[in-house]
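J.: Show me how the following folds:
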Amino acid sequence: MNDQQWFVVVLYAIYVIECIWWVPCGAVVIRAAWRSWRVAHPAPGLGNEHGSFVFLPLLPWSKPSFQCGQWALSLSETDVYAYVAQAINPAGRPIQSGSKIAIQDVWEAASRGRDVLVNGQVFFKATCEASAWHYAALIEQLRRTQVAEVSAAIAAALRHALDPQAVQLRVADLQKHLAWLRAEGCVLFFLMMVAFSASLFVPAIAAYQLMILIAIAACMIDIVRRFYAAHCTLMPAAHLRRLGSMATMILMPPAAIRASDFLGRQLLAEFHPLAVAAALCPRDEFRRFAREVILDLLYPIMPICPSKDEVDQIIESDFRQQLLVSVTSMVRNSSEDPEGIIKPPQPDDPSCVAYCPRCERQFYATAGACDECGGIPLTPFAQ
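T.: Numbering: from 1, shown residues only. As a prediction, this is how the structure comes out:
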């Protein structure tokens, strides 16, 4: 291939790369579909123990997608424990620090990138920068809260994280900024990927190449300007993320076509993925995802807690029960029946006599355990 052909290949490659997100374990993407959103897990087999890829729609006029992480801390009235038994992805439980500190011993909480810092030391790594900022703010809030009011503060934090109405309000705020960004993204896609590429090969169009380049530059400048204004409004504290996204769009022009995804990716990081699914996904998709989340809370992968400390185990267990109550309450408030959602499966064939209550794999013997779920005992089918 000649230089012009290679240039076009690189141009398209950059655009395709921007349609692929690296998503850490413990997070999902609420991915834009044709007329709604769907829950997308990191692709198994394409990554490692730290995460994998999620593929977004290639068309520039698609709705924005959102990355959300599972709740990452076990909290009690006295302690913060950086471990949860949940595994929101089919690939399994994410790697966690297991750090623990008494709330009264916290004198500072902050974030640096994805790292949550407590007393100047890395406490745990969140699924994204915005999530780290929110967890640092929560720990700082608990530090400043009277001991008698800590439980109420934790309950309030869970209610907010599981509030579909708050998600809808955030998305409505985003939509106010998206009309021009998506329109200009489509225009830039045509100018850069169609018109400019054609000008490298078609002599009749090559005469207009300078005009095309001027139009591309003008469109890019306005996209970056609008992105900066929208990002400052929606996420004023995310300075580094804002500058990084702008630098990417300036240095790799095809990335500017995906400005709406840059804007939306971490917008809902403070919310639990199930709340985002309740607000945006079709009902069948929400019910399917709610079933996975509730079963995972009821039957976590074994061993449930790696710590041998009984206090750590109690903190994890008690908080998991509190999270389960909050999740089922949210599902019920979304006009769904939690008990109906998690009803036992039917046998795939008459020879299946038991199933795993977590992953619902079916077995031909009633005795035994599910190896994929760490040894959870099998449950016989009702006769």
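J.: Residue 61 - nearest residue in space that isn't next to it in sequence?
T.: Distances taken as CB to CB, 6 or more residues apart in numbering place residue 186 nearest to residue 61, at 5.3 Å, with adjacent residues excluded. In short, each C-beta sits where N, CA and C put it, glycine included.
J.: tally of neighbours for the one you found?
T.: 14 (other CB atoms under 10 Å).
J.: now residue 4
T.: Neighbour tally, residue 4, other CB under 10 Å: 12.
J.: can you check the one 5 residues further on too?
T.: Neighbourhood size, residue 9 [other CB under 10 Å]: 11.
J.: repeat for residue 266
T.: Residue 266 has 22 nearby residues by other CB under 10 Å.
J.: mind checking how far it is from residue 137?
T.: Residue 266 sits 14 Å away from residue 137, going by CB to CB, to the nearest Å.
J.: next one: residue 295
T.: Distance of residue 295 to residue 137, given as CB to CB: 31 Å.
J.: Ok, residue 125 next?
T.: Taking CB to CB as the measure, residue 125 falls 16 Å from residue 137.
J.: contacting residues for the residue nearest to the spatial centre of the chain?
T.: By CA atoms, centre = their mean, the chain has its centre lying nearest to residue 68, at 2.2 Å. Taking CB atoms under 8 Å, 6 or more residues apart in numbering, we find residue 68 in contact with 27, 28, 29, 30, 268, 269, 271, 272, 273, 276.
J.: Residue 193 now?
T.: 11, 12, 15, 254, 257.
J.: do residue 209 as well
T.: Each residue near residue 209 by CB under 8 Å, 6+ apart is listed here: 196, 199, 200.
J.: do the same with residue 178
T.: The contact partners of residue 178, by CB under 8 Å, 6+ apart, come to 64, 260, 263.
J.: Among the residues you listed, which one sits closest to residue 280?
T.: When those are ranked by distance to residue 280 (CB to CB), residue 64 comes first, at 10.6 Å.
J.: Give me the nearest residue to that closest one, chain neighbours excluded.
T.: Spatially, and ignoring its direct neighbours in sequence, residue 64 is nearest to residue 264 (3.2 Å; CB to CB, 6+ apart).
J.: Count the residues that sit near that neighbour.
T.: Neighbours of residue 264 (other CB under 10 Å): 22.
J.: How about residue 21?
T.: 20.
J.: Now do the same for it: helix, strand or coil?
T.: Classification of residue 21 by DSSP: H, G, I helix; E, B strand; the rest coil places it in strand.
J.: hang on, it packs against residue 54?
T.: Yes: assessed by CB atoms under 8 Å, residue 21 is found in contact with residue 54 at 4.9 Å.
J.: which residues are common contacts for those two?
T.: residue 29.
J.: Can you report how many residues lie near residue 89?
T.: Residue 89: 22 surrounding residues under other CB under 10 Å.
J.: what about it, is that helix, strand or coil?
T.: Relying on three-state DSSP, one would call residue 89 coil.
J.: what do you get for residue 181?
T.: From three-state DSSP, the assignment for residue 181 is helix.
J.: if I read this right, it contacts residue 258, doesn't it?
T.: No: look at residue 181 against residue 258 with CB under 8 Å: they stay out of range, at 9.9 Å.
J.: circling back to that earlier point, could you check how far the residue nearest to the centre of the chain is from residue 212?
T.: Counting by CB to CB - residue 68 and residue 212 are separated by 39 Å.
J.: Tell me which helix or strand comes right after the helix or strand where residue 210 lies.
T.: Here residue 210 sits within helix 209-234, counting by DSSP states H and E. Following helix 209-234 in sequence order, the next helix or strand is helix 239-251 (DSSP H and E).
J.: And the contacts of that following helix?
T.: Here helix 239-251 has contacts from 113, 129-130, 220, 223-224, 227-228, 231-232, 235, 255-256, 259, 262, 266, using CB under 8 Å, 6+ apart.
J.: Relative to the whole chain's centre, how far out is it?
T.: Counting by CA atoms, centre = their mean, to the nearest Å, helix 239-251 is centred 20 Å from the centre of its parent chain.
J.: how about that helix: buried residues?
T.: 241, 242, 245, 246, 248, 249 (16 or more other CB atoms under 10 Å).
J.: Could you pull out the buried residues of stretch 230-238?
T.: 230, 231, 234, 235, 238.
J.: Return the member of the contacts of residue 209 nearest to residue 325.
T.: Closest to residue 325, out of all of those and judged by CB to CB, is residue 196, at 56.1 Å.
J.: residues touching the closest residue to the closest one other than its chain neighbours, list them.
T.: Excluding the flanking residues, the one nearest residue 196 by CB to CB, 6+ apart is residue 212, at 5.1 Å. Listed by CB under 8 Å, 6+ apart, the contact partners of residue 212 are 191, 195, 196, 199.
J.: now, which of those lie within helices?
T.: residue 199 (DSSP state H).
J.: Just flag the most distant two among the contacts of residue 212.
T.: For the contacts of residue 212, the maximum inter-member distance is 10.1 Å, found between 191 and 199 (CB to CB).
J.: What are the structural domain limits within this protein?
T.: Domain assignment for the chain, taken from automatic domain parsing, gives 1-178+236-343, 345-383.
J.: Pick the most deeply packed of the ones you listed.
T.: Of all those, domain 1-178+236-343 has the most neighbours on average by mean count of other CB atoms under 10 Å, namely a mean of 18.
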